[in-house]
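Q: No sequence on hand, only this structure:
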């Protein structure tokens, strides 16, 4: 496809997966169920559906992840569940755990998710990983006895590098860092200090890769998307995008479809986009229950092409459809219908642009 188009990551879990995960969290009664088999089947069905929708690049839909943010620390003993609270516009909250002892080590890397997906995929597979900046929020403000923050950040950077590198070595088409905390940081700290710290930490990791490797690494930003609500859509993109495009990545995935003033955002993108990198603009709003038409997607792509050189342009969904495993606000049928519209609408725009 002349204009590349990619999913962001998560797809609503299968009904079978939701049933198993619910039983596991409720009472642990899964002894009579082969959880690995259920999750494997969910990945296969998800990839088959993505390919049937025409997606030229697929993901595993994060069917096996408890959430996009916490897969790396799931099962870690040295965590207290009472960490940073993330409030959403509709009043619900998500809460991160907090570290109680060091040293910090990932409990799970993303590579096995990728390897499973590649067993079933007939097209390239991208892999989403959590940005180190998000996991930096696990360190408590009061510190950890015998484990200074500087050592934690060094350990975190090393683990994040391993996570990305293993995916590249395992044949990922691309590796996408989920950086939803970027926009949120401006709500927590309007001065931008936290955001600049996030950018510096992420670049500390990205700069460990070669230029060719960074060409296969992207970063995704959005205002969060969880049960049809967001945590930072009210924060101006103008505070984020200049810093966002300082990241040493080869691709940038930017939520756009749900923005009230898309021309303003596209102008900011055009102003700060570096030569030689690609920006994937969101043309699908996952938390809007209405399914976009291919014509609507085409028009959104053509609008973006007025601002962004077409050779640097791609399309994506604004964010994942179900970043947390328990989110059932969007059906799988709706998600795949939206993805089909993105693929078809992007192709229509490319044709109209003469590509």
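A: Cool, the structure landed. As the structure is a computational prediction, the values presented were derived from the model and not from experiment. Numbering: from 1, shown residues only.

Q: can you map out the helices along the stretch 201-350 of the chain?
A: For the stretch 201-350 of the chain, applying DSSP state H, counting those that start in this stretch gives helices covering 211-214, 241-244, 262-272, 294-305, 332-352.

Q: Of all the ones you listed, which one comes closest to residue 234?
A: Counting by Cβ to Cβ, residue 234 lies closest to helix 262-272 out of these; the figure is 14.2 Å. Quick note: C-beta positions are derived from backbone N, CA and C, even for glycine.

Q: tell me the angle of the closest one relative to helix 294-305?
A: 40 degrees (axes from the mean of the first three to the mean of the last three Cα atoms, to 10 degrees).

Q: Remind me what helix 262-272 packs against, helices and strands.
A: For helix 262-272, the elements it packs on are helix 241-244, strand 278-284, helix 294-305, judged by 3 or more Cβ pairs under 8 Å, 6 or more residues apart in numbering; DSSP states H and E.

Q: change it to 7 Å
A: helix 241-244 (3 or more Cβ pairs under 7 Å, 6 or more residues apart in numbering; DSSP states H and E).

Q: elements contacting the helix it packs on?
A: With contacts taken as 3+ Cβ pairs under 7 Å, 6+ apart, helix 241-244 sits against helix 193-206, helix 262-272.

Q: Show me what the first one packs onto, helices and strands only.
A: Judged by 3+ Cβ pairs under 7 Å, 6+ apart, helix 193-206 is in contact with helix 132-135, helix 149-169, helix 181-188, helix 241-244.

Q: what does the longest one rub up against?
A: This means helix 149-169. Under the contact criterion Cβ atoms under 7 Å, 6 or more residues apart in numbering, helix 149-169 has outside partners 72, 102-106, 109-111, 114, 127, 129, 132, 135-136, 139, 143, 175, 201, 204-205, 208, 213, 216-217.

Q: which residues touch the next helix or strand after it?
A: Next helix or strand after helix 149-169 toward the C-terminus (DSSP states H and E): strand 174-178. With contact meaning Cβ under 7 Å, 6+ apart, strand 174-178 is reached by 9, 68, 126-131, 164, 167-168, 202, 216-220, 251, 253.

Q: What's the local residue count around residue 79?
A: Neighbours of residue 79 under the rule other Cβ atoms under 10 Å: 19.

Q: how far away is residue 140 from residue 4?
A: 41 Å (Cβ to Cβ, to the nearest Å).

Q: And residue 221, by the same measure?
A: 18 Å.

Q: Those two: who's more crowded?
A: Neighbour count, other Cβ under 10 Å: between residue 221 and residue 4, residue 221 has more, with 24 against 17.

Q: show me the contacts for that one.
A: 179, 180, 182, 183, 240, 244, 254, 255.

Q: I'd like the next helix or strand past the least confident helix or strand in the chain by mean pLDDT.
A: The weakest-scoring helix or strand in the chain, judged by mean pLDDT, DSSP states H and E, is helix 15-27 (a mean of 73). Later in the chain than helix 15-27, the nearest helix or strand by DSSP H and E is helix 35-52.

Q: Could you list the buried residues of that next one?
A: When burial is assessed from 16 or more other Cβ atoms under 10 Å, helix 35-52 yields the following buried residues: 38, 39, 40, 42, 43, 44, 45, 46, 47, 49, 50.

Q: Residues touching the helix or strand just after that helix, excluding its own?
A: Counting by DSSP H and E, the next helix or strand C-terminal to helix 35-52 is strand 79-80. Strand 79-80 is contacted by residues 73, 97, 98, 99, 100 when judged by Cβ under 7 Å, 6+ apart.

Q: Now the element after strand 79-80, going C-ward?
A: strand 85-87.

Q: Of all the residues in stretch 206-223, which ones are buried?
A: Within stretch 206-223, the residues scored as buried using 16+ other Cβ under 10 Å are 206, 208-209, 213-223.

Q: Over to stretch 75-84?
A: 76, 78, 79, 83, 84.

Q: Pull up the per-residue confidence for residue 341.
A: Residue 341 is assigned a predicted lDDT (pLDDT) of 98.

Q: count of neighbours near it?
A: Neighbours around residue 341, by other Cβ under 10 Å: 21.

Q: List the buried residues of stretch 292-310.
A: Applying 16+ other Cβ under 10 Å to stretch 292-310 flags 292, 294, 296-301, 303-305, 307-308, 310 as buried.

Q: Equivalent analysis for stretch 157-164, please.
A: When burial is assessed from 16+ other Cβ under 10 Å, stretch 157-164 yields the following buried residues: 157, 158, 159, 160, 161, 163, 164.

Q: before we move on, what about stretch 105-112?
A: Using 16+ other Cβ under 10 Å as the test for burial, stretch 105-112 gives 106, 108, 109, 110, 111.

Q: give the contact list for the third one.
A: Spelled out, that is residue 109. Residues near residue 109 by Cβ under 7 Å, 6+ apart: 162, 163, 166.

Q: Spatially nearest residue to residue 17 (excluding sequence neighbours)?
A: residue 42 (4.6 Å; Cβ to Cβ, 6 or more residues apart in numbering).

Q: Likewise for residue 237?
A: With Cβ to Cβ, 6+ apart as the criterion, residue 237 has its nearest non-adjacent residue at 5.2 Å, and that residue is residue 265.

Q: and the one you found, how many neighbours?
A: Residue 265: 22 neighbours (other Cβ under 10 Å).

Q: who touches it in this structure?
A: Neighbouring residues of residue 265 by Cβ under 7 Å, 6+ apart: 237, 256, 259.

Q: what's the closest non-adjacent residue to residue 213?
A: residue 168 (6.0 Å).
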